[in-house]
Every structure is written in C-alpha cells, then in structure tokens.
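Asks: here are the coordinates; sequence isn't available:
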C-alpha cells in the first residue's frame, strides 16, 4: 500500500497523528485512582471542616540554555538569535491553590530539606488558616527533619504525598511550563543576574494574577482539584 492509502485508511479508523503524553511506566494506575476517589476527597473534607486551605507544591530548576517558541524570518532562512554559551541555572519552589493563591521562593544552588522547611515556614506565617500541603514523593519531602517540622506545626500544617510517578496530578507543575516556555524560554538570558531578574518578574506576575493560577487547575489531569 502507498502512503496516501495508509493515511486514508487510518483516517477512516479515526486515527490522527498526535503529540503523545509521556508517563512513567512505574506509575501505578490503582494508586492514582485511589487518590482521585478516596484520598484527595478526604483531604478536601478535612480542609473544609477546619476552614483550611489546600496547596499543591513543587520544586523545579531552569537553565540558561532553555529556549522555547518561534519567531519570524524569510522562508528558507532559519533565524539565529544570539545568547550566552555559558551554562547556569536557578532553582525554585512554589505552591498554588484552587482559589488563585500563589507563593514562591527562589533558591541559588541545590534545593534541600532546609529550603523546603524555610518555604513551609513562610507559607504558614503569611496564611491565617491551616495549610494542607500536597507534594510528590521526592526524598526531601520525606526527610526526617521535614517530618519533625510538620509535627511541630501540626496545628498549622499537614503534609500529604501524591501517588508515585504522577506529576500530571499536581497543578503546580503548570507553573513551570508557564515560566519556562511562556517567559524565560522566549528571552535572551546572558548572566545569572539576568536570569534571576527574569524569573522573579515572571513569578511576581503570576502571583498578581489569581485567574491565571486558577487556570492551572483546569487541565484535564488537574481539574479534579479545582
């Protein structure tokens, strides 16, 4: 069969070329379903009873060589945008709520349990209600010092973990897509100071736009938490 015949047959079968969604093969579908059907509804009830706030948090890093988007040029002439060849990065922690709340912290160097506790300390300091914080299973989220901090502040903070290998369930992941692909990846970054300034500008812009934050909860895999 020729290419055109194969394409016509696939079309008749309702098949189209699509960009796939990548998922870790280690993900456990039963654990994900249990989270959606039982665990998260339970957290929501607890938050409602105590008039608390549910936040989803995550960490991410961004590199100076990250690029995204397109630009215009004469057909046949690929555009060239010059930038630094040096490689440097910046790490970030943030948390989002379905009500449009957004908190963040920028970290120079590797993020550890100390930074996470500092972020949680700031989070509960600025919010009068009890915080129900949901994170993934990264080792720093389960560190002994982090568990001790949560226990010490149990009247103000409770920590929960998403199912393993399920980043798509975390609305805060949408923040990194926003920052990397809609902002930093479209700018010319030349120095660490330049990168820090650009990240801070974008994060503050998100913080000042609650409607934008609420949209992170409207993705097909995150709307369960809206």
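Replies: Noted; the coordinates are in hand. The model shown is predicted, which means the values in this text are computed figures rather than measured ones.
Asks: In contact with the nearest residue to residue 115 once chain neighbours are set aside: list those residues for me.
Replies: Sequence neighbours aside, residue 107 is the residue nearest to residue 115 in space, at 5.2 Å (criterion: CB to CB, 6 or more residues apart in numbering). Glycine gets a C-beta too; all of them are placed from N, C-alpha and C. Contacts for residue 107 (CB atoms under 8 Å, 6 or more residues apart in numbering) come out as 90-93, 115.
Asks: among these, who's most crowded?
Replies: residue 93 (23 neighbours; other CB atoms under 10 Å).
Asks: Now do the same for it: its pLDDT.
Replies: Confidence at residue 93, expressed as pLDDT, is 97.
Asks: mind checking the SS state of it?
Replies: Classification of residue 93 using DSSP: H, G, I helix; E, B strand; the rest coil returns strand.
Asks: Go ahead and confirm it touches residue 61.
Replies: No - using CB atoms under 8 Å, residue 93 is not in contact with residue 61, being 10.6 Å away.
Asks: could you point out where this structure is predicted with low confidence?
Replies: Low-confidence segments of the chain, defined by pLDDT under 70: 21-23, 66, 68-69, 185.
Asks: Would you map the helices across it?
Replies: Taking DSSP state H, the helices of the chain run over residues 3-12, 29-34, 40-49, 113-126, 144-152, 173-182, 192-207, 210-215.
Asks: Residue 76 is nearest to which of these?
Replies: helix 3-12 (25.1 Å; CB to CB).
Asks: Neighbours of the residue lying closest to residue 200 once chain neighbours are set aside, how many?
Replies: Nearest non-adjacent residue to residue 200, counting by CB to CB, 6+ apart: residue 106, 6.5 Å away. Other residues near residue 106 come to 13 when the count uses other CB under 10 Å.
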